[in-house]
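Student: no sequence on this one, just coordinates:
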């Protein structure tokens, strides 16, 4: 049987458990000449999925009501009509929140199960890791001695931004939610300083942590953190924008300290660069990234934290916890 | 004698005539080993000067109270202690709002009075023209078939943006204040359409003029125009930011239709590029620009409008009119 989590209805603000529906269907059968049946073994849960639950025009189309929730998976090929893939192959796929999926070969990537751990391909060596690399290195272009700030700093994107910033010779300043995550950012990922975004004096704390201002702000959270960052940006600062976690769940935590007019004025006066991106825009650099990161992940020079939850049935609860900042490290569901 | 306009006091909102003071001083004498005494013949008046009247930290320091107002000039060398310049040379300088100035050779550029008209070097071949070129070509990177929108479209920057956009094979849409300027943008500068930013339905008019959305928005006005532009930006649109005329004079004309949070969300979803710049950031391309533009200005392939006002004594009145959108074309004071 194929267990599946569907989108039951769209959230109007915060996503809740009853926006999802758990169903059991027959295992699908392949019929098309190039169909591939996969069994999902690990499912990645990521903040962007919250956005796909909305009926919002975006770079990716919304999940339809009654459709399976989307998501990246590490999967095993069961049957394949495509000669490039054979039963037993382990692949990274977009298998979704379910046991089985029928997919095509495009977007499928074979991985060597003898290399890094299977779950690394959903985290530090997957789209989150590559997001950190593309945004920081290709837009942020950090230079020795500069200051890099990143939010959600213990998450799978932020934690690699910190480590890449340190490798580039920068001061790396982490913004994270709560003292535990702040400690983790420093002790485990090597941040030079960490600031708790729940601190009422976030702006003052961040200013203290960035005595030479901010040269790169890797924007993946939005809201109050952005408000605190903007006044500290140095001339010619770069702001890669890859996510706005604080805005995903319809929770508006803005202080409204900064207006659009103010940002535009700062953009002019400080000659800022603000650039939105998603990883697929930088697809051409994925091999470069894997060549750099895979051996460092293997050697432990790059560290990654994973939060692996057992059981497909627990996917919604784990996902809602992620949106509320409850987990530490890359959130992954072990399906089987 | 040296007539001079000084900053008398700082405006709190709109700049007014009594923020300036007209004084008559002795002609200064050169003393330093590399001093150059110049007599200003033409003075450029530009919106950025309004900002320099404020005590605001920016890329250029504010004009001090009692100091001469700054400004680019076309000037004649009277005496020179610098062997590179001789009496009679015609130069582009930062001579300010006065008859005479003592300057150094850095920032001085000799021009050939037999080439283009002297005033062209303050407009279409000067910093305004180069601003249009650098922002449009180096940040906007317009491609054939794309749509380019520019505000203040009959001004010295906007009117060249339109013409360069047409040369690049783009649809050029002008935003200007009032029906006369809109007509001018189309008839004289070749815009495909023009929209009056005073129209209460600015957003609807702009949408109608941009049926395929907006790929490059050359931002030099801010306020309501920016609000109308943001929803029309296409994926991967580029927004060079070189001025915010609507914000210079303390006049807040915002509709507050768009928040910072909304812009950041659009930046992410549409993968926008927003980049502030001033011409000096692109100094390396100035020769490239002059090589391209000078013959086209001479042949009439590039057209420029100038609004030349006689008499240094009229500088403040002309400048305040510029801030209120009263002039057409590059505003220049003929000093002698």
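Tutor: The structure has been received and is ready for your questions. Please read these numbers as outputs of a predicted model, since none were measured by experiment. Numbers count the residues shown, from 1 in each chain, chains lettered A, B, ... in the order given.
Student: contacts only, for residue A:77.
Tutor: For residue A:77, the contact set (C-beta atoms under 8 Å, 6 or more residues apart in numbering or on different chains) comprises A:36, A:37, A:38, A:85, A:86, A:87, A:88, A:89, A:90, A:91. (C-beta placed from N, C-alpha, C; glycine too.)
Student: and it, that's in a strand?
Tutor: Yes. Under DSSP: H, G, I helix; E, B strand; the rest coil, residue A:77 sits within a strand.
Student: related to what we said a few turns ago, among the contacts of residue A:77, which pair sits farthest apart?
Tutor: A:37 and A:90 (14.3 Å; C-beta to C-beta).
Student: about what we covered before: what is the nearest of the contacts of residue A:77 to chain B?
Tutor: residue A:91 (27.4 Å; C-beta to the nearest C-beta).
Student: just the closest residue of the stretch 101-250 of chain A to chain B, please.
Tutor: residue A:241 (4.9 Å).
Student: coming back round to it: show the buried residues in the contacts of residue A:77.
Tutor: Among the contacts of residue A:77, the ones that count as buried by 16 or more other C-beta atoms under 10 Å in any protein chain shown are A:36, A:37, A:38, A:85, A:89, A:90, A:91.
Student: what's around residue A:207, how many residues?
Tutor: By other C-beta atoms under 10 Å in any protein chain shown, the residues close to residue A:207 number 16.
Student: list the contacts for the nearest residue to it once chain neighbours are set aside?
Tutor: Leaving out its chain neighbours, the residue that sits closest to residue A:207 by C-beta to C-beta, 6 or more residues apart in numbering or on different chains is residue A:232, at 6.0 Å. For residue A:232, the contacting residues are A:206, A:207, A:210, A:213, A:214, by C-beta under 8 Å, 6+ apart.
Student: can you pull out the helices in the stretch 201-336 of chain A?
Tutor: Under the criterion DSSP state H, counting those that start in this stretch, the stretch 201-336 of chain A contains helices at A:202-209, A:223-229, A:245-248, A:260-269, A:286-299, A:315-323.
Student: need the winner for burial among these.
Tutor: helix A:223-229 (a mean of 24; mean count of other C-beta atoms under 10 Å in any protein chain shown).
Student: elements contacting the one helix or strand residue A:185 maps to?
Tutor: Residue A:185 is part of helix A:179-187 when elements are defined by DSSP states H and E. The contact analysis (3 or more C-beta pairs under 8 Å, 6 or more residues apart in numbering or on different chains; DSSP states H and E) places helix A:179-187 against helix A:158-167, strand A:171-176, strand A:193-196.
Student: I'd like those as TSV, with distance to residue A:315, mean neighbour count and mean pLDDT appended.
Tutor: What follows is the helices and strands packed on helix A:179-187, written out as TSV (distance: least, C-beta to C-beta, whole Å; neighbours: other C-beta atoms under 10 Å in any protein chain shown; pLDDT from 0 to 100):
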stretch	distance to residue A:315	mean neighbour count	mean pLDDT
helix A:158-167	22	26	97
strand A:171-176	24	28	97
strand A:193-196	29	22	97
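Student: okay if I get those as JSON lines plus distance to chain B?
Tutor: As requested, the helices and strands packed on helix A:179-187 are arranged in JSON lines below (distance: least, C-beta to the nearest C-beta, whole Å):
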{"stretch": "helix A:158-167", "distance to chain B": "16"}
{"stretch": "strand A:171-176", "distance to chain B": "16"}
{"stretch": "strand A:193-196", "distance to chain B": "20"}
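Student: let me have those in TSV, adding distance to residue B:195 as columns.
Tutor: As requested, those are exported to TSV (distance: least, C-beta to C-beta, whole Å):
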stretch	distance to residue B:195
helix A:158-167	41
strand A:171-176	41
strand A:193-196	44
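Student: mind giving me the domain split of chain A?
Tutor: A:2-123+A:304-334, A:127-279 (automatic domain parsing).
Student: give me the distance from the first one to the chain's centre.
Tutor: For domain A:2-123+A:304-334, the gap between its own C-alpha mean and the chain's C-alpha mean amounts to 14 Å (C-alpha atoms, centre = their mean, to the nearest Å).
Student: how about the nearest residue to the residue most central in space within chain A, chain neighbours excluded?
Tutor: For chain A, the residue nearest the mean C-alpha position is residue A:128 (4.3 Å; C-alpha atoms, centre = their mean). Once flanking residues are discounted, residue A:128 sits nearest to residue A:156: 3.6 Å by C-beta to C-beta, 6+ apart.
Student: what does residue A:233 give?
Tutor: In space, and not counting its chain neighbours, residue A:233 is closest to residue A:214: 5.3 Å by C-beta to C-beta, 6+ apart.
Student: hmm, residue A:237 and the one you found touching each other?
Tutor: Yes. Counting by C-beta atoms under 8 Å, residue A:237 is a contact partner of residue A:214 at 6.0 Å.
Student: residue ranges of the strands in the stretch 51-200 of chain A, please?
Tutor: A:73-80, A:90-93, A:100-103, A:109-110, A:147-150, A:171-176, A:193-196 (DSSP state E, counting those that start in this stretch).
Student: in its sheet, what does the shortest one sit against?
Tutor: By that I understand strand A:109-110. Partner strands for strand A:109-110, per DSSP bridges, with pairing direction: strand A:90-93 (antiparallel).
Student: which parts of chain A sit against chain B?
Tutor: Proximity of chain A to chain B (C-beta under 8 Å from any C-beta of the partner chain) is limited to residues A:56-59, A:219, A:222-223, A:226, A:235, A:241-244, A:247, A:252, A:254, A:258-278, A:281.
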